[in-house]
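A.B. asks: can you look at this prediction? I've put the sequence above it.
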Amino acid sequence: AQSVTQPDIHITVSEGASLELRCNYSYGATPYLFWYVQSPGQGLQLLLKYFSGDTLVQGIKGFEAEFKRSQSSFNLRKPSVHWSDAAEYFCAVGRGSQGNLIFGKGTKLSVKP
Amino acid sequence: DGGITQSPKYLFRKEGQNVTLSCEQNLNHDAMYWYRQDPGQGLRLIYYSQIVNDFQKGDIAEGYSVSREKKESFPLTVTSAQKNPTAFYLCASSHRAGDSNQPQHFGDGTRLSIL
């Protein structure tokens, strides 16, 4: 069965520092992978998605993610974090013919001034 | 602007009462979804619909019911059988049904609490 693991529940980084959020997936075939961001009390916004092709995908707000099949990972990165990036981040994998997504439990990002 | 509208933003339920959460989309999307979000649990799928007049149970459907009479609307009823309904409920839609490479668009959620 498909699953998504986000090992870090909460991460704190200083403003201007680099960021990497980890995501590991379990899926038999080539996965469709997504990263979403959620501000408190809001819905989820799509940051980026991976379907095939280049393993490094660019998203909105300066985020990028790298798909590594050998490690079953899809880590999210940003070279310089801004205070407005403080939010919760969810990794997700597409679930076959149902068309819905399986989500990880999320990583909450705090940004220190 | 196209999007998904969920209402109300906050909802309170009394013991033994059914409540209905509204979800409307004007994106002309075929598929719609309901998720439940609890702190530290991520999002769990309650029900989904790939076409009008058809819907399927997700992972945690017990105590919930839905309908899909119109393409734009996918209301969720939390019944009295749902013993722990306090959560944040998110509605989503995607362009094509049955296609897991479709990104989902989300509403801003409804927070349900027990009185």
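C.D. replies: Sure, I can see it.

A.B. asks: just the CA trace of stretch B:91-100, in CSV.
C.D. replies: Output of stretch B:91-100 as CSV, limited to C-alpha atoms (Å, rounded to 0.1, in the frame of the first residue of the first chain):
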residue,chain,number,x,y,z
CYS,B,91,-12.9,19.9,0.6
ALA,B,92,-10.9,19.6,-2.6
SER,B,93,-11.4,19.1,-6.3
SER,B,94,-9.4,18.0,-9.3
HIS,B,95,-9.9,18.4,-13.0
ARG,B,96,-10.2,14.8,-14.1
ALA,B,97,-11.5,11.9,-12.2
GLY,B,98,-9.5,8.7,-11.6
ASP,B,99,-6.2,10.4,-12.5
SER,B,100,-3.8,10.6,-9.7
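
A.B. asks: okay, buried residues for stretch B:79-88 please.
C.D. replies: Using 16 or more other CB atoms under 10 Å in any protein chain shown as the test for burial, stretch B:79-88 gives B:Gln82, B:Pro85, B:Ala87, B:Phe88. Heads up, the C-betas are built off the backbone N, CA and C, glycines and all.

A.B. asks: does the first one touch B:Ala61 like I think?
C.D. replies: No - using CB atoms under 8 Å, B:Gln82 is not in contact with B:Ala61; the gap is 10.0 Å.

A.B. asks: how about the contacts made by B:Asp108?
C.D. replies: A:Gly41, A:Gln42, A:Gly43, B:Gln6, B:Lys9 (CB atoms under 8 Å, 6 or more residues apart in numbering or on different chains).

A.B. asks: that one in helix, strand or coil?
C.D. replies: When classified by DSSP: H, G, I helix; E, B strand; the rest coil, B:Asp108 comes out as coil.

A.B. asks: can you check B:Ile60 too?
C.D. replies: Assignment for B:Ile60 (three-state DSSP): coil.

A.B. asks: now do the contacts for the residue of chain A found nearest chain B.
C.D. replies: The minimum distance from chain A to chain B, using CB to the nearest CB, falls at A:Gly94 (2.8 Å). Taking CB under 8 Å, 6+ apart as the criterion, A:Gly94 is in contact with A:Pro31, A:Tyr32, A:Leu33, A:Phe34, A:Asn100, A:Leu101, A:Ile102, B:Ser100, B:Asn101, B:Gln102.

A.B. asks: at 7 Å what do you get?
C.D. replies: A:Pro31, A:Tyr32, A:Leu101, B:Ser100, B:Asn101 (CB atoms under 7 Å, 6 or more residues apart in numbering or on different chains).

A.B. asks: for A:Asp54, same thing?
C.D. replies: With CB under 7 Å, 6+ apart, A:Asp54 has no contacts at all.

A.B. asks: so how far is A:Gly62 from it?
C.D. replies: 17 Å (CB to CB, to the nearest Å).

A.B. asks: equivalent analysis for B:Gly42, please.
C.D. replies: 24 Å.

A.B. asks: the two: who's more crowded?
C.D. replies: When B:Gly42 and A:Gly62 are compared for neighbours, B:Gly42 comes out ahead with 20 against 14, by other CB atoms under 10 Å in any protein chain shown.

A.B. asks: any idea of the pLDDT on the more buried one?
C.D. replies: On pLDDT, B:Gly42 comes in at 89.

A.B. asks: and the gap between it and chain A?
C.D. replies: Noted for B:Gly42: a distance of 4 Å to chain A, by CB to the nearest CB, to the nearest Å.

A.B. asks: next up, phi/psi of residue 85, please.
C.D. replies: With no chain named, the answer covers chain A. phi -80, psi -10 (degrees, to the nearest 10).

A.B. asks: think we crossed wires, I meant chain B
C.D. replies: Torsion angles, degrees, to the nearest 10, at B:Pro85: phi -80, psi -10.
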